[in-house]
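Q: Compute the structure for the input listed below.
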Amino acid sequence: MLTSLPESLPEICSQFLSSLSSTDVDLKAQMQGCVVQLQQALEIEQTLSRISETVRASLDETFSLNAVVQELALELEADCYIVLRTDTDQQRLISSSSSQAPTSSFQTKVLSLDHDPEINHCLRATDYLQFCFNTNLPEEKFTLFACSINHNDENLGNLWVIQATSKTLTELEIHLLQKVAKQCAIAIQQSRLYQAAQSQVEELKQLNEVKDNFLNQAIHDLRSPLANMQLAIHMLEHQLAAGRSDSGDTSQQNPAYIKTLTHLKILQTECERELTLVNNLLELQRLESGLASEKQSLDLVDVIDLRDWLTNLIRPFEDRIQQRQITLELQIAPCLPTIVSDSDTLHRVLSELLHNACKYTPPHETISIHARSSSECVQIEISNSGVEIPVEEQLRIFDKFYRIPNSDRWKQGGTGLGLALVKEMLVHLRGSIYIESGNGQTCFTIQLPLR
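A: Next up, the predicted model:
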């Protein structure tokens, strides 16, 4: 019949020792020594494991090193110190004591010895030092251990242990301290890398804030003159028409009139394009910088019946689609549920996607709009045939100012902000968008939550 196994190897050894007869004195003594060493090795391994876990779990240098010296002080029953080097060649001390006795004199002594050129020279030449320190005063007799904390041949500081003169560190304890010194180097390095990364993040945040402020100001400064230009163009059109009426010239073939009207149309088109760019930039900046308040982002109160709503949406595009010899198909699944969203924002999203489809679809191809629902969302797909977007372009298509090279079949131009705006607006609608392209077809799919 099997008995339960002991919990650890030292217990196995203890049970074996108890089974030895009294005549096996030498063997029993040897075994007892092995059990003591094994127990010490296990305790040291557990201490090293706890220290490693602490170092990995925290990016706070001070917290990690304090935990290290506390663990060592308890394990070694000694005073433990870490002396760090700073950029200004100053010393920073982290200490812990296993006793309740004041350690200020030890701290002063450690700082003094750590700065000693001879000791530093020896530590650079060897892995560690262990020596006795004696003075004429009885209370200043103790054993010291020092081990370098190095990272890539750079000395970050030293690990110190102070014990009574009657004690010396065993090989296992020295091995533990060497391992701990390496863990300290890791803790210091990862903390400093984290601090450097945080500093860079803060600097980038400040630069981004400066950029946002400049962009907002520039956009606002551009809107006013563009609006004035637009108003001036309308006034010039009215004045031109009024001047011809007053002079009695109603001929549509007047070369001067035709030339002036052509120039005005060009000016009006370019002005509207620039004003659209400025407005898109301002809207995108508002969405990205979080200027849209939380209340605005949560005010999805429009109940939308997509069957009638989509039918009305496509009407302004029908003439353009017919002129370009493109077929438009609208497919709406039966029993499509209503959704609660923001009608104006959703209208802008789908109009932009439909505008893109018109822009890039070749003649005699098809634009399809398909609306259907699942248990959790409504899907609206806008696809066009006769065009594909390469995979490498799909990864960038929602980036600001990015336009696929040589894809504008009708030479309408654009700012490269439309799809970036679509993506940001869908975030505020709590929706999402993704693209699929292949086999001569490109499809944008919008998902909007039912609840």
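Q: which helix of this structure spans the most residues?
A: helix 171-247 (DSSP state H).
Q: just checking, what packs against that helix?
A: Applying 3 or more CB pairs under 8 Å, 6 or more residues apart in numbering; DSSP states H and E, one finds that helix 171-247 contacts helix 25-57, helix 61-76, strand 128-134, strand 141-151, strand 154-164, helix 255-288. Glycine gets a C-beta too; all of them are placed from N, C-alpha and C.
Q: Repeat the analysis, applying 7 Å as the threshold.
A: helix 25-57, helix 61-76, strand 141-151, strand 154-164, helix 255-288 (3 or more CB pairs under 7 Å, 6 or more residues apart in numbering; DSSP states H and E).
Q: quick one: average pLDDT of the longest one?
A: I take that to be helix 255-288. Per-residue pLDDT values across helix 255-288 average out to 76.
Q: Equivalent analysis for the third one, please.
A: Strand 141-151 comes out with an average pLDDT of 87.
Q: That strand vs helix 171-247, what angle?
A: 40 degrees (axes from the mean of the first three to the mean of the last three CA atoms, to 10 degrees).
Q: Over to the fourth one?
A: On the basis of the same axes, to 10 degrees, strand 154-164 is oriented at 140 degrees to helix 171-247.
Q: CA-only coordinates of strand 154-164 in CSV, if you can.
A: Only the C-alpha atoms of strand 154-164 are listed here, as CSV (Å, rounded to 0.1, in the frame of the first residue of the first chain):
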residue,chain,number,x,y,z
GLU,A,154,29.0,50.2,-17.5
ASN,A,155,29.2,50.3,-13.7
LEU,A,156,25.8,51.4,-12.4
GLY,A,157,26.7,51.0,-8.7
ASN,A,158,27.7,48.4,-6.1
LEU,A,159,25.9,45.9,-3.8
TRP,A,160,27.2,45.9,-0.2
VAL,A,161,26.6,43.4,2.7
ILE,A,162,27.9,44.1,6.2
GLN,A,163,28.1,41.2,8.8
ALA,A,164,29.7,40.6,12.1
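Q: Give me the contacts around that strand.
A: Strand 154-164 has contacts (CB atoms under 7 Å, 6 or more residues apart in numbering) with 76, 78-85, 106, 110, 114, 123, 142-150, 169, 177, 180-181, 184-185, 188.
Q: Could you export the helices and strands packed on helix 171-247 as TSV, including distance to Arg307?
A: Listed next are the helices and strands packed on helix 171-247 as TSV, based on distance: least, CB to CB, whole Å:
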stretch	distance to Arg307
helix 25-57	56
helix 61-76	61
strand 141-151	67
strand 154-164	70
helix 255-288	29
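Q: Can you convert those into a markdown table and add a column each for mean neighbour count?
A: Output for the helices and strands packed on helix 171-247, formatted as a markdown table (neighbours: other CB atoms under 10 Å):
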| stretch | mean neighbour count |
| --- | --- |
| helix 25-57 | 14 |
| helix 61-76 | 20 |
| strand 141-151 | 19 |
| strand 154-164 | 20 |
| helix 255-288 | 15 |
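Q: Could you list everything His370 pairs with in the sheet?
A: Beta-bridge pairing of His370 under DSSP bridges involves Gln331, Glu381.
Q: Please pull up the helix or strand immediately following the helix or strand bottoming out on mean pLDDT in the chain.
A: Ranked by mean pLDDT, DSSP states H and E, the weakest helix or strand in the chain is helix 294-298, scoring a mean of 46. Sequence-wise, the next helix or strand downstream of helix 294-298 (DSSP states H and E) is strand 302-304.
Q: Counting neighbours, which bits of the following helix or strand past that following strand end up buried?
A: Toward the C-terminus, strand 302-304 is succeeded by helix 306-314 as the next helix or strand (DSSP H and E). Judged by neighbour count (16 or more other CB atoms under 10 Å), helix 306-314 contains these buried residues: 306, 309-310, 313-314.
Q: Contacts for helix 306-314, please.
A: With CB under 7 Å, 6+ apart, helix 306-314 has contacts from 328, 330, 332, 336, 339, 347, 350-351, 354, 369, 371, 378.
Q: need those in a markdown table with pLDDT, distance to Ile433 and neighbour count, can you?
A: Formatted as a markdown table, these follow (pLDDT from 0 to 100; distance: CB to CB, whole Å; neighbours: other CB atoms under 10 Å):
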| residue | pLDDT | distance to Ile433 | neighbour count |
| --- | --- | --- | --- |
| Leu328 | 90 | 21 | 18 |
| Leu330 | 91 | 19 | 14 |
| Ile332 | 90 | 19 | 17 |
| Leu336 | 89 | 19 | 15 |
| Ile339 | 88 | 15 | 23 |
| His347 | 90 | 15 | 14 |
| Leu350 | 92 | 11 | 21 |
| Ser351 | 89 | 14 | 16 |
| Leu354 | 91 | 14 | 22 |
| Ile369 | 92 | 14 | 21 |
| Ala371 | 92 | 15 | 19 |
| Val378 | 92 | 13 | 22 |
